[in-house]
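Chemist: Model the following, please.
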Amino acid sequence: MQFKHPEILYFLFLLVIPILVHLFQLRRFKKEYFTNVHFLKELAIQTRKSSKLKKWLLLLTRLFLLACLIIAFAQPFFQAKDSKGITNEMFIILDNSFSMQAKGKQGELMKRAVQELLENAPENQTFSLVTNSEIFWNTDIKSIQRELQNLKYSASPFALDNLMAKIKSRKSPYNKDIVVITDAVGLQPKQLKSIDSTFNTYFIIPKAEQKNNISIDSVFIHQTSDNFYDIGVKLSSYGDNKNDIPIALYNDKKLIAKTIVNFEGKEKSINFTIPKEDFNGYALIEDNALHYDNQLFFSISKPQKLNVVSIGQPEKSNFLKKIYSDSEFVFNNFDLKSLDYNILEKQDAIVLNELPEIPQALQTTLKSFVEKGGNLIVIPSAESSISNLNSLMGNFGGIQFKSLENKEKLVTKIAFNHPLYSTVFEKKIDNFQYPNSASSYGISSAYPSILSFDDQSAFLTAVQNPVSSVYVFSSPINKDNSNFQNSPLIVPTFYNMALSSQKTGINALTIGENSPFLMDASLSKDEIVEIRSLSEEANEKFIPMQQILNNKVKLTFNDFPQEAGNFGIYKQDNLLKKISFNYGRTESDLSASNESLLSDYNVIESIDNVFDTLQTERTDNEIWKWFVFLTLLFLVTEILIQKFVK
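Modeler: Below is the predicted model of the structure:
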């Protein structure tokens, strides 16, 4: 037992006073004379014994009364179990990623967690709230009540280590109480290493009632014809989904197609045929699980003719002219001597077709061309010097040429999953008519091969970046050295290598991936472009980071926009291009909850248990009230002794 005011205990010396009063009674007995002494003597003896007992009882009662009163003023207490934690700062980490949309017994997990905070957090409790998207430092539940009620789901996945880093950045001499509210979807062991062992950390794991979910993962162009696109919509199934799912395709909110999806496995692709023109809409499904991944926005621009130039001898470029037809491409071939470097920056793809020597000035121009989003195709010549080829490749990194081998090789392996062939083959083919090559360079590449020889060396590889690609052959492909020009692979290979996804593909960017986007636009130094939502309900607009590259603009979006949808790129009020943004699908698999990783941590059922536990462990057990009660009890006892004891 301890005392808040131990100095008051010195007043216990006052207990001497009732003792002195008892020992040195100020009252004297008077003698009274009566005629009948016999009866008076007996009465006097009885009175003296009774009076002596009464005085001892009164003395003890007064001693206890005074002692209890003094001790009560000294305020005795038993120290709290966790008395050192009274000064701790509290931080609440609330997971507001899309997996928290899952429904528990009392509704959506995040909304229920918010409601419990509003109901159970003490009004005088100061804490900091950290979410995936917002931070509230040193606040209380009343101050952020409206913000909590309006808290939206975040496109950023739950990353405990990042949130812990933000908390640790708040330097303080006090220790920290940390309450983490998450469903543990995507939680990794390395993230738990960010928890300081000195922190008093609690985990609250809200659980979804069912973990079945279906998501739309991507949209791609499966095939093209003269007037139509055959687009594919890829869906993923998580858990046990036995019911048929309706899927619809909308263009500017107008329904253009609808069908039913039945899952036999974990993935399914549905094809739709749409006109070959501007498309700005979305694919939509309906399920009873997460709804953030039920809609995927995408835009397709009306096809534009792509500019392709081949640099090399005209007789070696005849096969390219057949592939890059006038209906889809503007194709030109130039000999190196007659090449005008000024036209290169206006091209979408450049083919270096077996040049014996690549001048340094051309190498510099090609480096700038690739950085601005152009695709480069390098076909080496048997007369090329290795140093010259490696000088060119040094501008892009990752690929180096070795010596020329005069040995016939057969191309036997195709990377079917590579983006170059992802829409070419419906299934893997084993009995394909593979081409061969009489001589080829050895290639050292940090990138996987697209086409490989039978000895596993590369026939075709690529250096890819977010806006362009550099495709590199290891062998000359003229008819004297290779029969590749006669292979069925020649058309899809060169056709797809020349395509610019910014012009001919589907625009469906992922929020937060920060991938650069290139578009044709002529801007002055003082002009900027702005991104605006095309939806009437949404009014979001922002200015992205932008870099002017001659006749192009490179846009970087960082973590914007905040909500998925269809947007327009505007130069003042002039719409330049339509673009679409979607949430990442990293939260779709609800079975990825790693709650088992928290077996060594303090897991508590609800937020009110956390506050109750902290209050119980850190509140001193004050017992001065019991001594006040004893003081009153002894006072009543004294009164009763005075009244009833004779």
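Chemist: The chain - how does it break down into domains?
Modeler: The record's domain split for the chain, according to automatic domain parsing, is 2-79+622-644, 83-210+593-619, 213-303, 306-501, 509-578.
Chemist: between those domains, which gets nearest to Arg585?
Modeler: Taking Cβ to Cβ, domain 213-303 is the member of the domains of the chain nearest to Arg585, at 5.4 Å. C-beta here means a position set from N, CA and C on the backbone, and glycine is covered the same way.
Chemist: can you give me the end-to-end distance of the closest one?
Modeler: End-to-end distance for domain 213-303: 35 Å, by Cα to Cα, to the nearest Å.
Chemist: do stretch 151-171 as well
Modeler: 27 Å.
Chemist: Show the subsequent helix or strand relative to the helix or strand bottoming out on mean pLDDT in the chain.
Modeler: The element with the least model confidence among the helices and strands of the chain, by mean pLDDT, DSSP states H and E, is helix 501-504, at a mean of 60. Per DSSP states H and E, helix 501-504 leads on to strand 506-507 as the next helix or strand towards the C-terminus.
Chemist: Following element in sequence after that following strand, please.
Modeler: strand 509-510.
Chemist: how about the CA coordinates for the helix or strand just after that next one, as CSV?
Modeler: From strand 509-510 onward toward the C-terminus, using DSSP H and E, the following helix or strand is strand 517-520. What follows is the C-alpha trace of strand 517-520 in CSV, where atoms were taken according to Å, rounded to 0.1, in the frame of the first residue of the first chain:
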residue,chain,number,x,y,z
PHE,A,517,1.8,7.7,-70.0
LEU,A,518,2.9,9.2,-73.3
MET,A,519,0.6,11.0,-75.7
ASP,A,520,0.9,13.1,-78.8
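Chemist: Quick check: which helices or strands does strand 517-520 pack against?
Modeler: Judged by 3 or more Cβ pairs under 8 Å, 6 or more residues apart in numbering; DSSP states H and E, the packing partners of strand 517-520 are helix 501-504, strand 552-556, strand 574-582.
Chemist: so what strands line up beside that strand?
Modeler: The strands beside strand 517-520 in its sheet (DSSP bridges) come out as strand 552-556 (antiparallel).
Chemist: Run through who's touching the strand it pairs with.
Modeler: 372-373, 467, 514, 516-521, 523, 529, 544-547, 569 (Cβ atoms under 8 Å, 6 or more residues apart in numbering).
Chemist: what do you get for stretch 473-490?
Modeler: With Cβ under 8 Å, 6+ apart as the criterion, stretch 473-490 contacts 316, 319, 323, 354, 377-382, 401, 411, 414, 432-443, 451, 457-461.
Chemist: For the domains of the chain, give me a markdown table that also has distance to Glu587.
Modeler: Formatted as a markdown table, the domains of the chain follow (distance: least, Cβ to Cβ, whole Å):
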| stretch | distance to Glu587 |
| --- | --- |
| domain 2-79+622-644 | 46 |
| domain 83-210+593-619 | 4 |
| domain 213-303 | 7 |
| domain 306-501 | 23 |
| domain 509-578 | 12 |
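Chemist: Dump these to TSV, plus mean neighbour count.
Modeler: Formatted as TSV, those follow (neighbours: other Cβ atoms under 10 Å):
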stretch	mean neighbour count
domain 2-79+622-644	13
domain 83-210+593-619	17
domain 213-303	17
domain 306-501	18
domain 509-578	16
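Chemist: Any idea which of those gets closest to Thr586?
Modeler: Checked against Cβ to Cβ, the stretch from the domains of the chain lying closest is domain 83-210+593-619, at 4.7 Å.
Chemist: Just the mean pLDDT for that closest one, thanks.
Modeler: Averaging the model's pLDDT scores along domain 83-210+593-619 yields 89.
Chemist: before we move on, what about stretch 235-242?
Modeler: Here the mean pLDDT over stretch 235-242 is 87, rounded to a whole number.
Chemist: what residues does it touch?
Modeler: The set of residues external to stretch 235-242 that reach it, using Cβ under 8 Å, 6+ apart, is 210-217, 245, 247, 261, 263, 265-270, 285, 287, 585, 588-591.
Chemist: Among the residues you listed, which ones are in helices?
Modeler: When DSSP state H is applied, those are split such that none fall in helices.
Chemist: Identify the residues contacting Ser440.
Modeler: Neighbour list for Ser440: Leu404, Glu405, Lys407, Lys409, Phe453, Ser457, Phe459, Ser474, Ser475 [criterion: Cβ under 8 Å, 6+ apart].
Chemist: Thought Ser194 was touching Met164, still the case?
Modeler: Yes. Using Cβ atoms under 8 Å, Met164 is in contact with Ser194, at 4.0 Å.
Chemist: Break down the stretch 451-600 of the chain into its strands, ranges please.
Modeler: 458-464, 469-473, 506-507, 509-510, 517-520, 530-533, 541-542, 545-549, 552-556, 565-571, 574-582 (DSSP state E, counting those that start in this stretch).
Chemist: Mind putting these into a markdown table with mean pLDDT and distance to Asn150?
Modeler: Listed next are the strands of the stretch 451-600 of the chain as a markdown table, based on pLDDT from 0 to 100; distance: least, Cβ to Cβ, whole Å:
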| stretch | mean pLDDT | distance to Asn150 |
| --- | --- | --- |
| strand 458-464 | 93 | 41 |
| strand 469-473 | 94 | 44 |
| strand 506-507 | 86 | 31 |
| strand 509-510 | 92 | 25 |
| strand 517-520 | 85 | 31 |
| strand 530-533 | 94 | 19 |
| strand 541-542 | 93 | 20 |
| strand 545-549 | 87 | 28 |
| strand 552-556 | 89 | 29 |
| strand 565-571 | 94 | 19 |
| strand 574-582 | 93 | 22 |
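Chemist: Phe98 is nearest to which of those strands?
Modeler: Counting by Cβ to Cβ, and looking across all of these, nearest comes strand 574-582 at 11.6 Å.
Chemist: how far is the following helix or strand past the closest one from where the chain is centred?
Modeler: On the C-terminal side of strand 574-582, the closest following helix or strand by DSSP H and E is strand 602-603. Taking the mean of its C-alpha atoms, strand 602-603 sits 23 Å from the chain's own mean (Cα atoms, centre = their mean, to the nearest Å).
Chemist: again, but for stretch 63-79
Modeler: With Cα atoms, centre = their mean as the basis, the mean position of stretch 63-79 lies at 57 Å from the chain mean.
Chemist: Same check on stretch 342-357?
Modeler: Here the centre of mass of C-alpha atoms in stretch 342-357, compared against the chain's by Cα atoms, centre = their mean, lies 41 Å away.
Chemist: what does stretch 339-357 give?
Modeler: With Cα atoms, centre = their mean, you get 42 Å for stretch 339-357.
Chemist: Can I get it in PDB, CA atoms only?
Modeler: Output in PDB follows, covering the C-alpha atoms of stretch 339-357 (Å, rounded to 0.1, in the frame of the first residue of the first chain):
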ATOM      1  CA  LEU A 339      18.300   9.100 -93.800                       C
ATOM      2  CA  ASP A 340      17.000  12.400 -92.400                       C
ATOM      3  CA  TYR A 341      17.400  12.200 -88.700                       C
ATOM      4  CA  ASN A 342      14.700  14.800 -88.100                       C
ATOM      5  CA  ILE A 343      11.900  12.400 -89.100                       C
ATOM      6  CA  LEU A 344      12.900   9.800 -86.500                       C
ATOM      7  CA  GLU A 345      11.300  11.500 -83.600                       C
ATOM      8  CA  LYS A 346       7.900  11.400 -85.400                       C
ATOM      9  CA  GLN A 347       8.000   7.600 -85.700                       C
ATOM     10  CA  ASP A 348       6.300   5.000 -83.600                       C
ATOM     11  CA  ALA A 349       8.800   2.200 -84.400                       C
ATOM     12  CA  ILE A 350      12.200   2.100 -86.000                       C
ATOM     13  CA  VAL A 351      13.800  -1.000 -87.500                       C
ATOM     14  CA  LEU A 352      17.600  -1.200 -87.800                       C
ATOM     15  CA  ASN A 353      17.700  -3.800 -90.600                       C
ATOM     16  CA  GLU A 354      21.200  -5.400 -90.700                       C
ATOM     17  CA  LEU A 355      23.300  -2.200 -90.700                       C
ATOM     18  CA  PRO A 356      27.000  -3.000 -90.900                       C
ATOM     19  CA  GLU A 357      27.800   0.100 -88.900                       C
END
